[in-house]
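J.: below is the structure, and that's it, no one-letter string:
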């Protein structure tokens, strides 16, 4: 089976200043993501999660090594099969929710308008509301709706539930689970492991730019005799 | 895709610039009408003076005329302020649309749309160019409205036949149309070059090496690139001996022709160099968007 995402000895070094050596955000990282699975990319702040996610989305270039998405270097083709949710507001604030839907409809052929409207109704969000009038949590829900309403091959979600209330988290988890197809995969990066543990198939623990643990959730639980959340607290204890 | 991107680009700035354009043109209209009334009154006063029924404007004018003087002064200041606002907000819009849309949070959306970097850059450039041209047009219209209404008030005293005769004479003897077209093209190329230099400067400023000094680096790069372009252009002109006085003869008739030809030649050379600089800036910015993006 072809890997959806392949990281091959990827290193990313951030330079600060012209002569400075810089910091390694990723250090010789290799992993693959296969179709039909939900992956958790877990690690403390500054561990390199967002850097890896940005590389999958062609927002950053590796210093060395290579990243492949569906067998090709990230570019126009990969962007049409990846549905990406960043950990910030990326919509223009003059837009209404409706405008954002139209934008996605125009640029992504796989955007399912009916699915988006259904999720909007379930979450009680007015499609005529201006984005700048929405609360942070509601804005995150709108962005999640936009992302999950696509019939993409890979969903990359960077902190999808960090800004929403606990009551909405279950709905969002349910939304994520019910909206991805058998051939699709999801990569979720988060700190809120308790909330997502139950939906994960595989996890990648990352620390200081290096992968410290990866594998199937059930195998890891059996091997360590702990939940993923418990193991996370142990591995990343301050 | 370019058309779709351009649509959103234009929409984003329309909310700020369109009301400003409307306000500017409205104030210009009020100013122009006030000027026309004032000119009309002055013409009437001159007639009275010629008839000997009025000696000074003060003795002739009624209180409304005094009000018109105040209105003209007030609207002139407003027209000036609005024209400055149009210029400043257009420049800010060009900078902000690129800075937020490409190097800021909106970049997460823009760069994950399935479009090529060149198309993305092209849409930003076209949007900025169209708004810049619209702003220039509005400022021209302000002049046309005020000047046109004032001239209209003077219509009885204006020798239109003589004006057209002079214009026709100018076109017939000198044919300024190629020069005007070349000047327009040169202005357009210079505008595109300035916008692309701004984009290139922002892209250099957002690099990871300059995280702490993004704005300062972008400003320095903008001036440095302009200086470098000026230097290359100057060196080229010196090397090939191109200047306004090149090959001039002392005979008056030939002299005018020489100036005209030299002007066209220099403008043509400048336009070609601007196009080369535009291509360099475009390719450089697109390459940085692909390889040096730092969101």
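T.: Received it, and whenever you're ready, just let me know what you need. Note that the structure is predicted; figures quoted are calculated from it, not measured.

J.: residue B:145 contacts residue B:26, doesn't it?
T.: No. The criterion here is Cβ atoms under 8 Å, and residue B:145 misses it with residue B:26 at 9.8 Å. All C-beta spots, glycine's among them, are computed from the backbone N, C-alpha and C.

J.: which of these two has more neighbours?
T.: residue B:145 (22 against 13; other Cβ atoms under 10 Å in any protein chain shown).

J.: which ones are touching the more buried one?
T.: Applying Cβ atoms under 8 Å, 6 or more residues apart in numbering or on different chains, we find residue B:145 in contact with B:25, B:28, B:29, B:31, B:32.

J.: for it, pull up the helix or strand it's in.
T.: In this assignment (DSSP states H and E), residue B:145 forms part of helix B:117-153.

J.: for that helix, the distance to its chain's centre please.
T.: 7 Å (Cα atoms, centre = their mean, to the nearest Å).

J.: what of stretch B:283-295?
T.: Counting by Cα atoms, centre = their mean, stretch B:283-295 comes out at 28 Å from the chain centroid.

J.: buried stuff in it?
T.: By neighbour count with 16 or more other Cβ atoms under 10 Å in any protein chain shown, stretch B:283-295 contains the buried residues B:284, B:285, B:286, B:288, B:289, B:293, B:294, B:295.

J.: and if you look at stretch B:130-139?
T.: B:131, B:132, B:134, B:135, B:138, B:139.

J.: just give the nearest non-adjacent residue to the first one, would you?
T.: So that's residue B:131. residue B:13 (5.4 Å; Cβ to Cβ, 6 or more residues apart in numbering or on different chains).

J.: what pLDDT is listed against the one you found?
T.: Residue B:13 is assigned 91 on the pLDDT scale.

J.: list the contacts of it.
T.: Going by Cβ under 8 Å, 6+ apart, residue B:13 touches B:93, B:97, B:127, B:131.

J.: at 10 Å what do you get?
T.: A:94, B:89-90, B:92-94, B:96-97, B:127-128, B:130-131, B:134 (Cβ atoms under 10 Å, 6 or more residues apart in numbering or on different chains).

J.: of the residues you listed, which is the nearest to residue A:117?
T.: For those, the minimum distance to residue A:117 (Cβ to Cβ) is 21.4 Å, reached by residue A:94.

J.: just give me the neighbour total for the closest one.
T.: Neighbours around residue A:94, by other Cβ under 10 Å: 16.

J.: isn't residue A:101 up against residue A:116?
T.: Yes. Residue A:101 lies in contact with residue A:116 (Cβ atoms under 10 Å); the separation is 5.8 Å.

J.: what about the helices in the chain?
T.: No chain was given, so I picked chain A. A:49-56, A:76-79, A:97-107, A:113-122, A:136-148, A:166-178, A:193-196, A:217-224, A:228-235 (DSSP state H).

J.: that's the wrong chain, I wanted chain B
T.: Using DSSP H, helices in chain B cover B:2-51, B:57-60, B:63-101, B:107-110, B:117-153, B:160-174, B:177-205, B:214-239, B:252-291.

J.: the first one to helix B:117-153, inter-axis angle?
T.: Put simply, helix B:2-51 runs at 10 degrees to helix B:117-153, going by axes from the mean of the first three to the mean of the last three Cα atoms, to 10 degrees.

J.: relative to helix A:97-107, how tilted is helix B:2-51?
T.: 120 degrees.

J.: now the angle from helix B:2-51 to helix B:63-101?
T.: 160 degrees.

J.: hmm, back to that, residues that sit against both of residue A:101 and residue A:116, list them.
T.: Counting by Cβ under 10 Å, 6+ apart, the residues touching both residue A:101 and residue A:116 are A:127, A:142, A:145, A:146, A:149.

J.: wait, the third one sits on residue A:123?
T.: Yes. Under the criterion of Cβ under 10 Å, residue A:145 makes contact with residue A:123 at 7.3 Å.

J.: who's the residue sitting nearest the centre point of chain A bridged to?
T.: Geometric centre of chain A, nearest residue: residue A:157, 2.0 Å, by Cα atoms, centre = their mean. Following DSSP bridges, residue A:157 is listed with bridge partners residue A:85, residue A:188.

J.: low-confidence ranges, chain B, go.
T.: B:53-66, B:244-257 (pLDDT under 70).

J.: walk me through the domains of it.
T.: As given by automatic domain parsing, the domain ranges for chain B are B:1-158, B:159-295.

J.: return the most buried member of the ones you listed.
T.: domain B:1-158 (a mean of 17; mean count of other Cβ atoms under 10 Å in any protein chain shown).

J.: and the residue lying closest to residue B:139 once chain neighbours are set aside, what does it touch?
T.: Closest residue to residue B:139 apart from its sequence neighbours, by Cβ to Cβ, 6+ apart: residue B:83 at 5.4 Å. Shown in contact with residue B:83 (Cβ under 10 Å, 6+ apart): B:24, B:27, B:28, B:135, B:138, B:139, B:142, B:143.

J.: next one: residue B:202
T.: B:95, B:98-99, B:102-104, B:214-215, B:217-218, B:221-222, B:285, B:288.

J.: try 7 Å
T.: B:98, B:99, B:103, B:218 (Cβ atoms under 7 Å, 6 or more residues apart in numbering or on different chains).

J.: returning to that earlier point: state the distance from the residue nearest to residue B:131 to residue B:263.
T.: 35 Å (Cβ to Cβ, to the nearest Å).

J.: what does residue A:24 give?
T.: 58 Å.

J.: quick one: end-to-end distance for stretch B:196-215.
T.: With Cα to Cα, to the nearest Å as the measure, stretch B:196-215 spans 16 Å from end to end.

J.: contact residues of the stretch 1-150 of chain B facing chain A?
T.: Residues of the stretch 1-150 of chain B lying near chain A by Cβ under 7 Å from any Cβ of the partner chain: B:4, B:8, B:12, B:15, B:105-106, B:108-109, B:111-116.

J.: so residue B:70 versus chain A, what's the distance?
T.: Here the criterion is Cβ to the nearest Cβ, to the nearest Å. By it, residue B:70 lies 39 Å from chain A.

J.: repeat for residue B:155
T.: From residue B:155 to chain A the distance is 45 Å (Cβ to the nearest Cβ).

J.: and residue A:78, how far from chain B?
T.: Applying Cβ to the nearest Cβ to residue A:78 and chain B gives a distance of 9 Å.

J.: counting neighbours, what do you get for that residue?
T.: Around residue A:78 there are 24 residues (other Cβ under 10 Å).

J.: wait, it touches residue A:72, no?
T.: Yes. Contact criterion Cβ atoms under 7 Å: residue A:78 and residue A:72 qualify, at 6.3 Å.

J.: state the distance from the spatially closest residue to residue A:106 that is not a sequence neighbour to residue A:102.
T.: Leaving aside its sequence neighbours, residue A:106 sits nearest to residue B:4 (Cβ to Cβ, 6+ apart; 5.2 Å). Residue B:4 is 10 Å from residue A:102, where distance means Cβ to Cβ.

J.: could you do residue A:168 as well?
T.: For residue A:168, the distance to residue A:102 - Cβ to Cβ - is 25 Å.

J.: over to residue A:154?
T.: For residue A:154, the distance to residue A:102 - Cβ to Cβ - is 24 Å.

J.: can you check residue B:276 too?
T.: Residue B:276 is 39 Å from residue A:102, by Cβ to Cβ.

J.: surely residue B:93 and residue B:130 touch.
T.: No. When contacts are counted by Cβ under 7 Å, residue B:93 is not listed as touching residue B:130 (11.1 Å).

J.: residue A:212: neighbour count?
T.: Residues lying near residue A:212 (other Cβ under 10 Å) number 13.

J.: just the pLDDT for it.
T.: 89.

J.: also the one 5 residues further on?
T.: The predicted local confidence for residue A:217 comes out at a pLDDT of 88.

J.: do the same with the one 3 residues further on
T.: As predicted, residue A:220 sits at a pLDDT of 87.
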